[in-house]
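Only the shape, not the letters, is given here:
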């Protein structure tokens, strides 16, 4: 382990190993090697300054790998074409600073280990190392906290929601270890990640043959079962479960904004009409589909839906922007055909990657003479959090609504469960129009949903714009939905899930 002499190269290598699994999921096991090397370097680094700087470097690289999907937004279609080089600078700025804010979480690991080593090692010489898993989870959460602080803006709040780069998601690639998410989601998996890394450190340091053999066997068994297919998606009949029609849309990226909106409107209408003819219980549309007129009074909207579509009996979940006073919010509008009523919910967690402009970044652009760019960005991405964020009062037959990037919050579904423990499933409307086919992003988001489905023992079903819809089962299985019917720019898919889960 000590073949490399330069301290910062050691830290950088540990960060690369920690992060490579987020870019190439099949290499997730290298993340554990990175965890071991990070902790080994921390233990043997004599300089506190190098500990702090080196650990931050390592976790910044880890976060940079997890957030490498930022580059898939280029070129941003809705920005002026003459901004070509400016767009690259903006993407680089977001990517580097986001990674740094998340990387600051490593300071908690260093500080926690250092304090324990100084004040608690007299009680037990192994205590500082044994507590590393606690510091590890706290550090990842602190990184999320720092991200929210530095990204504060009109639509931002202080939170610990942004979880890209959490080590527990690497262990979720192991289907058997994924089941441990039932104990506490990604937080438990991240703790387990650090526990395994610490365990390997003890094995490497141990001179006892029996301890080394047993521990090595257990670790080897975990590695050997890493590619075992544990869970299958449950198969049920329509009489036994809920039939959910999912609409995916794919409007042309080469079209102008006006052409795209017009084309998408036609595609959405055709897709919903096709889904209604299939019967079933639910119809889920992608985020920002805007099938319903969000500005229309609820009473007249309900009447027009019943008149136009002959009193549909399905629950239809749509979403789109609307105004609350002078502020723009993203609103889910749910038509319940059985109860003949409409409910509304506002998106509660917004991200600075396309929904609001962080104040720090806006001011920075202004200070360096790029006020025009700051003005355009602030105008284009100007969502705020609306007042209707609680889903507690929604009727029991309506699914919980987890908007697009709300899935990055490890407690997103958990919060819905506290509000409505008996909801039939979680609907996850998604739109990835900003991203150009980013497999790195899609896989990480799927893993986040997979972990949340297992933790909360609840089905999650996505409906996507410019992405692929999936259904996530409580046992960890992921079902890629197959097309039932399709048209130009749209596909209707169906899945049946059990009524009780």
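That came through, no problem. On a predicted model such as this, the values are computed, not experimentally measured, just so you know.

what's the spacing between residue 26 and residue 34?
Using C-beta to C-beta, to the nearest Å, one gets 15 Å for the distance from residue 26 to residue 34. All C-beta spots, glycine's among them, are computed from the backbone N, C-alpha and C.

more neighbours, the two?
residue 34 (25 against 10; other C-beta atoms under 10 Å).

What is the three-state secondary structure of that one?
Classification of residue 34 using DSSP: H, G, I helix; E, B strand; the rest coil returns helix.

Enumerate every residue touching the closest residue in space to it that isn't next to it in sequence.
The shortest distance from residue 34 to any non-neighbouring residue, by C-beta to C-beta, 6 or more residues apart in numbering, is to residue 17 (2.8 Å). Each residue near residue 17 by C-beta atoms under 8 Å, 6 or more residues apart in numbering is listed here: 30-31, 33-34, 37.

Make a markdown table from those residues and add pLDDT and distance to residue 116 to it.
Shown next, in a markdown table, are the contacts of residue 17 (pLDDT from 0 to 100; distance: C-beta to C-beta, whole Å):
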| residue | pLDDT | distance to residue 116 |
| --- | --- | --- |
| 30 | 94 | 28 |
| 31 | 96 | 24 |
| 33 | 93 | 24 |
| 34 | 97 | 22 |
| 37 | 96 | 21 |
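
any chance of the residues you listed in JSON lines, with distance to residue 175 too?
Converted to JSON lines, the contacts of residue 17 look like this (distance: C-beta to C-beta, whole Å):
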{"residue": "30", "distance to residue 175": "18"}
{"residue": "31", "distance to residue 175": "16"}
{"residue": "33", "distance to residue 175": "20"}
{"residue": "34", "distance to residue 175": "21"}
{"residue": "37", "distance to residue 175": "26"}
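
and the most centrally placed residue in the chain, how far is that from residue 441?
Centroid-nearest residue in the chain: residue 408, 2.6 Å away (criterion: C-alpha atoms, centre = their mean). Per C-beta to C-beta, residue 408 is found 10 Å from residue 441.

likewise residue 298?
Residue 298 sits 35 Å away from residue 441, taking C-beta to C-beta as the criterion.

The two: who's more crowded?
Between residue 298 and residue 441, counted using other C-beta under 10 Å, residue 441 has the larger neighbour count: 21 against 13.

so what's the more buried one closest to, chain neighbours aside?
Spatially, and ignoring its direct neighbours in sequence, residue 441 is nearest to residue 69 (3.7 Å; C-beta to C-beta, 6+ apart).

what do you get for residue 244?
Nearest residue to residue 244 in three dimensions, chain neighbours excluded: residue 282, at 4.5 Å (C-beta to C-beta, 6+ apart).

Count the residues that sit near that neighbour.
Counted with other C-beta under 10 Å, residue 282 comes out at 25.

Dig out what it forms beta bridges with.
For residue 282, the beta-bridge partners are residue 244, residue 315 (DSSP bridges).

ok, it to residue 245 distance?
Counting by C-beta to C-beta, the gap from residue 282 to residue 245 is 7 Å.

Now do the shared contacts for those two.
Jointly contacting residue 282 and residue 245 under the rule C-beta under 8 Å, 6+ apart are residue 314.

so which of the contacts of residue 17 comes closest to residue 230?
Nearest to residue 230 among the contacts of residue 17, counting by C-beta to C-beta, is residue 31 at 19.8 Å.

helices or strands up against the helix or strand that contains that closest one?
Per DSSP states H and E: residue 31 is located in helix 29-44. Under the contact criterion of 3 or more C-beta pairs under 8 Å, 6 or more residues apart in numbering; DSSP states H and E, helix 29-44 touches helix 7-23, helix 48-66, helix 106-119, helix 185-205.

Take those and write them to CSV, including distance to residue 233.
Formatted as CSV, these follow (distance: least, C-beta to C-beta, whole Å):
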stretch, distance to residue 233
helix 7-23, 24
helix 48-66, 27
helix 106-119, 38
helix 185-205, 21
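
Dump the ones you listed to JSON lines, plus distance to residue 455 and mean pLDDT.
Putting those into JSON lines (distance: least, C-beta to C-beta, whole Å; pLDDT from 0 to 100) gives the following:
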{"stretch": "helix 7-23", "distance to residue 455": "20", "mean pLDDT": "96"}
{"stretch": "helix 48-66", "distance to residue 455": "20", "mean pLDDT": "97"}
{"stretch": "helix 106-119", "distance to residue 455": "23", "mean pLDDT": "94"}
{"stretch": "helix 185-205", "distance to residue 455": "4", "mean pLDDT": "93"}
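
Which of the ones you listed sits closest to residue 231?
Evaluated over these, closeness to residue 231 peaks at helix 185-205, with 15.9 Å, by C-beta to C-beta.

and the direction of the closest one versus that of helix 29-44, what angle?
Computed by axes from the mean of the first three to the mean of the last three C-alpha atoms, to 10 degrees, the angle separating helix 185-205 from helix 29-44 equals 60 degrees.

Now do helix 185-205 against helix 106-119, angle only.
Using the same axes, to 10 degrees: helix 185-205 against helix 106-119 is 50 degrees.

ok now stretch 195-211, how far from the chain's centre?
Taking C-alpha atoms, centre = their mean, to the nearest Å, one finds the center of stretch 195-211 at 34 Å from the center of the full chain.

ok, and for that stretch, which residues are buried?
By 16 or more other C-beta atoms under 10 Å, the buried positions in stretch 195-211 come out as 195-201, 203.

How about stretch 60-78, which residues are buried there?
Neighbour count says stretch 60-78 has 60-70, 72-73, 76 buried, by 16+ other C-beta under 10 Å.

okay, these in a markdown table with distance to residue 431 next?
Below are these laid out as a markdown table (distance: C-beta to C-beta, whole Å):
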| residue | distance to residue 431 |
| --- | --- |
| 60 | 29 |
| 61 | 30 |
| 62 | 28 |
| 63 | 24 |
| 64 | 25 |
| 65 | 25 |
| 66 | 21 |
| 67 | 19 |
| 68 | 21 |
| 69 | 15 |
| 70 | 17 |
| 72 | 14 |
| 73 | 13 |
| 76 | 15 |
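
now, which of those sits nearest residue 190?
Comparing the buried residues of stretch 60-78 against residue 190 with C-beta to C-beta picks out residue 62 as the nearest, at 12.1 Å.

distance between stretch 456-467 and the chain's centre?
Remark: stretch 456-467 is offset 12 Å from the chain centroid, using C-alpha atoms, centre = their mean.

Pull the residues that contact the helix or strand harbouring residue 89.
According to DSSP H and E, residue 89 maps onto helix 84-103. Contact with helix 84-103 is made by 56-64, 66-68, 70-71, 73-76, 79, 143-144, 146-147, 149-151, 162, 164-165, 352-353, 361, 370, 373, as judged by C-beta under 8 Å, 6+ apart.

I'd say residue 487 and residue 267 touch.
Yes - assessed by C-beta atoms under 8 Å, residue 487 is found in contact with residue 267 at 6.8 Å.

The two: which is more packed in?
Applying other C-beta under 10 Å to residue 487 and residue 267 shows that residue 267 carries more neighbours, namely 21 against 13.

so is the more buried one in a helix, a strand, or just coil?
Secondary structure, three-state DSSP: residue 267 is helix.

What distance do you get for it to residue 437?
Taking C-beta to C-beta, one finds residue 267 at 19 Å from residue 437.

ok, now residue 9?
34 Å.
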